[in-house]
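Student: My questions concern the predicted model and sequence given below.
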Amino acid sequence: MLLELYSKYPHKVGWMHNSAAERLAYFFPARMFWIDKKALCAFCLKTLFAKIEKNEIEKLLAQKQNSSSVEIELKGKTYKCTLTQAPNNTDGDCWNTVSISVPFGMLVDVEVRCVEYELH
């Protein structure tokens, strides 16, 4: 699942900080996840985002690559995640959007309610 840390790094935080939604539908071609957005938000803001060190973001932004692998440890388990940047340039205004991609298994393990549905 892709979670936006910063909409415009470092001054404007991402959608997780501002959305008032109660549920989140995350679609794939053949399946959908129905997620308790409030629980996801609480997990991200209190736990996950604090584990992503600023120096990891700065290191990524200094590279020519758009992503880097990071490991996040939670409750004695290590998860392989991907930190990503998306460079933006609109009318001379340049910024980077910074996100982290986490496995859905992480959400299940930290008890964020997440129900998977097959799509036909």
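Tutor: On my side now, so go ahead.
Student: Buried residues in stretch 90-97, which are they?
Tutor: 95-97 (16 or more other C-beta atoms under 10 Å). Glycine gets a C-beta too; all of them are placed from N, C-alpha and C.
Student: May I see the residues you listed organised as JSON lines, with distance to Y6, pLDDT and secondary structure added?
Tutor: Converted to JSON lines, the buried residues of stretch 90-97 look like this (distance: C-beta to C-beta, whole Å; pLDDT from 0 to 100; DSSP: H, G, I helix; E, B strand; the rest coil):
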{"residue": "W95", "distance to Y6": "9", "pLDDT": "93", "secondary structure": "strand"}
{"residue": "N96", "distance to Y6": "8", "pLDDT": "93", "secondary structure": "strand"}
{"residue": "T97", "distance to Y6": "7", "pLDDT": "95", "secondary structure": "strand"}
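Student: out of these, which one sits closest to S68?
Tutor: N96 (13.2 Å; C-beta to C-beta).
Student: Surely E73 and I52 touch.
Tutor: No: the pair E73 and I52 does not pass the contact test of C-beta atoms under 8 Å, sitting 11.9 Å apart.
Student: Next, the buried residues of the strand of greatest length in the chain.
Tutor: Looking across the chain with DSSP state E, the single longest strand is strand 77-90. When neighbours are counted by 16+ other C-beta under 10 Å, the buried residues of strand 77-90 are found to be 79, 81, 83-85.
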